[in-house]
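Visitor: how does the following fold in three dimensions:
(4 chains)
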There are 2 protein chains.
Amino acid sequence: MTIEQKKQTKAAKVLDSLRHDIISGHFQPGQKLQMEDLKSQYNVGYSPLREALSRLVSYGLVCMKEQCGFSVAPLSMEELHDLYMVRIHIEIQALELSIQNGDDDWEADVTATWFKYKKCLNQAINNHIDPSSWDKLQKEFRFTLIKACQSPWLLKIRDMLNDQALRYRFICLNSYYRNKKVLNEFIKENENLVSAVLSRNTKTAVKLTQISWESSVKLITDAMQKNVIAK
Amino acid sequence: MTIEQKKQTKAAKVLDSLRHDIISGHFQPGQKLQMEDLKSQYNVGYSPLREALSRLVSYGLVCMKEQCGFSVAPLSMEELHDLYMVRIHIEIQALELSIQNGDDDWEADVTATWFKYKKCLNQAINNHIDPSSWDKLQKEFRFTLIKACQSPWLLKIRDMLNDQALRYRFICLNSYYRNKKVLNEFIKENENLVSAVLSRNTKTAVKLTQISWESSVKLITDAMQKNVIAK
DNA sequence: CTCTCCTATAATTTCGAAAATATTTGTAAT
DNA sequence: ATTACAAATATTTTCGAAATTATAGGAGAG
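Guide: Have a look, this model is predicted:
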């Protein structure tokens, strides 16, 4: 329990927990989310639960059918491709704007977060893996790259698509963690991306992002065909 | 009360009503949404209300501050421009894909919905204005244009941005209804758009959409500066 | 044996009172 | 007069029982 969680409402807390538990795969895609179960699992009443679930419906992580309750949004090959297609568009748009609008402070910020993230990645190569700090730093780094875009709507939509995509990425996270070759590739790719961004080379930055994400889709597709998580 | 609203849950009904009442400006931007008031206005208890409001928070039409309740999302010049920037991008992407993927049935659909919509617009010129059918037909027409894009995520995001934008459009709707010159322009623009779409001329269709929307932004900007709805 | 309809059970959804928190009002001290 | 503090009021948030609706199981007719 962190210090800052004092005055949060129960609805907000259970929203965070649910989102995390869905993204991380604690609940299976498509799984029914029964009120009674959730109530005892999260130790809350009906109201905050329904509130959280309702928000996740709009957010796209949860489905609901009237009078038949809630369920975890399913994953599928088709959706994976659709999701990444839109996501690449949004992310690239944000990146372009960010490179265009970012000031000196932003450049410093990019450098700093990449420095931290890189350090974590290098430790991962030597088997010192800390998944939670990996996630945090990756998230921070990727957000810093685009946060100077000055478009609240782009950022909001990106957030949504990002959370969706994280569910798919979880399928093949283990291959990331273990494979040193993949990790080294990954570090190099990001290194190139950062230089392109800092030198305001929009075209290169966009192309690198596109390539990197398309290979992500490939990795996930392979993992999905092996696993039986989604046909 | 329409026929098909029998087995809807109260939360769903109040969600629709709230969305409509916010978009149409029945509630002022930024206005506080008090539970007691809403409860008596919509004749429901706390649970379905909070559920609907929660979904509208994720959707972007409602804001909420913990322990301080809900309020209507505010409008502003900055957001207008941000919104339309993103919206144009998404809509164009969807339009391109739709032109690319649409089959013969889709072409027929486009022709049919435009025929109906045009008829309604022509009646509007002769002062036979029916705002509700105007809205319905406009919505149907614009959706038909892009529905062949085969991307659920694009459609979902478009829906969200569309509803947001409708709030701004409401500010200057009266000038649309009354001004015959604007209406004639409008019909002509759409006529051109439909021909471009049907002849699969993606470039022209995109350009026409862009121009038409940029002039929309201008109209709204002017109206906002006159009205005092948002500074 | 299969299908339909009815009953029993289980789940979702809703209500309104109770708890928790914010806001306002009033009082006293500086 | 102004600030600080405290009581009173108003509002939001939560709980769990009650109402509504779906689902499963079983009896009877064809």
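
Visitor: and the nearest residue to residue A:30 once chain neighbours are set aside, its phi and psi?
Guide: Closest residue to residue A:30 in three dimensions, ignoring its sequence neighbours and counting by Cβ to Cβ, 6 or more residues apart in numbering or on different chains: residue A:74, at 4.2 Å. Where you see a C-beta, it was placed from the backbone N, CA and C, and this is true even at glycine. The phi and psi torsions at residue A:74 (degrees, to the nearest 10) take the values phi -80, psi 160.

Visitor: state the distance from residue A:74 to DNA strand D.
Guide: Using Cβ to the nearest atom of the strand, to the nearest Å, residue A:74 is found at 17 Å from DNA strand D.

Visitor: enumerate the residues of chain A near DNA strand D.
Guide: A:9, A:10, A:11, A:44, A:45, A:46, A:47, A:48, A:51, A:67, A:68 (Cβ under 7 Å from any atom of the strand).

Visitor: which of those sits closest to residue B:58?
Guide: Closest approach between these and residue B:58, by Cβ to Cβ: residue A:51, at 10.8 Å.

Visitor: doesn't residue A:11 make contact with that closest one?
Guide: Yes. If you go by Cβ atoms under 8 Å, residue A:51 and residue A:11 touch, sitting 4.3 Å apart.

Visitor: what's the overlap in contacts for those two?
Guide: residue B:54 (Cβ atoms under 8 Å, 6 or more residues apart in numbering or on different chains).

Visitor: nearest to chain B: which residue in chain A?
Guide: Using Cβ to the nearest Cβ, the single residue of chain A nearest to chain B is residue A:58, 3.4 Å away.

Visitor: next SSE after the helix or strand harbouring that residue?
Guide: Secondary structure assignment for residue A:58, by DSSP states H and E: helix A:46-59. Downstream of helix A:46-59, the first helix or strand assigned by DSSP H and E is strand A:62-65.

Visitor: quick one: contacts of that following strand?
Guide: So strand A:62-65 is contacted by A:18, A:22, A:33, A:53, A:54, A:56, A:57, A:70, A:71, A:72, A:73, A:74 (Cβ under 8 Å, 6+ apart).

Visitor: residues contacting the residue nearest to residue A:202 when sequence neighbours are not counted?
Guide: Using Cβ to Cβ, 6+ apart and skipping the chain neighbours, the partner closest in space to residue A:202 is residue A:99 (5.1 Å). Neighbour list for residue A:99: A:148, A:197, A:200, A:202, A:205 [criterion: Cβ under 8 Å, 6+ apart].

Visitor: now with 10 Å, please.
Guide: Neighbouring residues of residue A:99 by Cβ atoms under 10 Å, 6 or more residues apart in numbering or on different chains: A:106, A:145-146, A:148-149, A:196-202, A:205-206.

Visitor: for it, give its distance to DNA strand C.
Guide: 40 Å.

Visitor: my guess is that residue is in a strand, correct?
Guide: No. Applying DSSP: H, G, I helix; E, B strand; the rest coil, one finds residue A:99 to be helix, outside a strand.

Visitor: need the helices for chain A, in chain order.
Guide: A:10-23, A:35-42, A:46-59, A:77-101, A:104-125, A:131-146, A:152-171, A:173-178, A:180-198, A:202-226 (DSSP state H).

Visitor: go through the fourth one and flag the buried ones.
Guide: Buried residues in helix A:77-101, counted by 16 or more other Cβ atoms under 10 Å in any protein chain shown: A:79-80, A:82-84, A:86-99.

Visitor: same check on stretch A:19-34?
Guide: Buried, per 16+ other Cβ under 10 Å, within stretch A:19-34: A:19, A:22, A:23, A:25, A:27, A:29, A:33.

Visitor: related to what we said a few turns ago, give me the neighbour count for the residue nearest to residue A:30.
Guide: 12 (other Cβ atoms under 10 Å in any protein chain shown).

Visitor: thinking it is in contact with residue A:22, fair?
Guide: No. Here residue A:74 lies out of contact with residue A:22, judged by Cβ atoms under 10 Å, at a distance of 11.5 Å.

Visitor: what is in contact with those two at once?
Guide: A:28, A:29, A:31.

Visitor: residue at max distance from the center of chain A?
Guide: Most distant from the centre of chain A: residue A:67, at 31.1 Å, with distances by Cα atoms, centre = their mean.

Visitor: what comes into contact with stretch A:137-147?
Guide: Under Cβ under 10 Å, 6+ apart, the answer for stretch A:137-147 is A:90-99, A:102, A:106, A:109-121, A:130, A:154-155, A:158-159, A:162, A:166, A:169, A:190, A:193-194, A:197, A:205, A:209.

Visitor: hey, which helix or strand in chain A has the poorest pLDDT?
Guide: helix A:173-178 (a mean of 71; mean pLDDT, DSSP states H and E).

Visitor: where in chain A is pLDDT low?
Guide: The model of chain A has pLDDT under 70 over residues A:1-6, A:177-178, A:228-231.

Visitor: ok, 80 please
Guide: The model of chain A has pLDDT under 80 over residues A:1-7, A:127-131, A:173-179, A:227-231.

Visitor: which parts of it sit against DNA strand C?
Guide: A:7, A:32-36, A:46-47, A:50, A:64, A:66-70.

Visitor: among these, which ones are buried?
Guide: Members of these classed as buried by 16+ other Cβ under 10 Å are A:33, A:50, A:64, A:70.

Visitor: out of those residues, which comes closest to residue A:219?
Guide: Lowest distance from residue A:219 to these (Cβ to Cβ) belongs to residue A:33, with 28.8 Å.

Visitor: ok, the closest one - contacts?
Guide: Residue A:33 neighbours (Cβ under 10 Å, 6+ apart): A:18, A:22, A:27, A:41, A:49, A:53, A:56, A:62-64, A:69-72.

Visitor: same thing with residue A:46?
Guide: A:35, A:36, A:38, A:39, B:47.

Visitor: ok, back up a step: ok, the residue nearest to residue A:202 to DNA strand D distance?
Guide: Residue A:99 is 39 Å from DNA strand D, by Cβ to the nearest atom of the strand.

Visitor: residue A:117 too?
Guide: Distance from residue A:117 to DNA strand D, by Cβ to the nearest atom of the strand: 35 Å.

Visitor: that residue contacts residue A:136, correct?
Guide: Yes. The pair residue A:117 and residue A:136 qualifies as a contact (Cβ under 10 Å) at a distance of 9.4 Å.

Visitor: the two - which one has more neighbours?
Guide: residue A:117 (23 against 14).

Visitor: wait, what's in contact with that one?
Guide: Going by Cβ under 10 Å, 6+ apart, residue A:117 touches A:133-134, A:136-142, A:144, A:187, A:190, A:194.

Visitor: now do residue A:158
Guide: Applying Cβ under 10 Å, 6+ apart, the residues contacting residue A:158 are A:87, A:90, A:91, A:93, A:94, A:142, A:143, A:146, A:149, A:151.

Visitor: fine, thanks again, bye for now.
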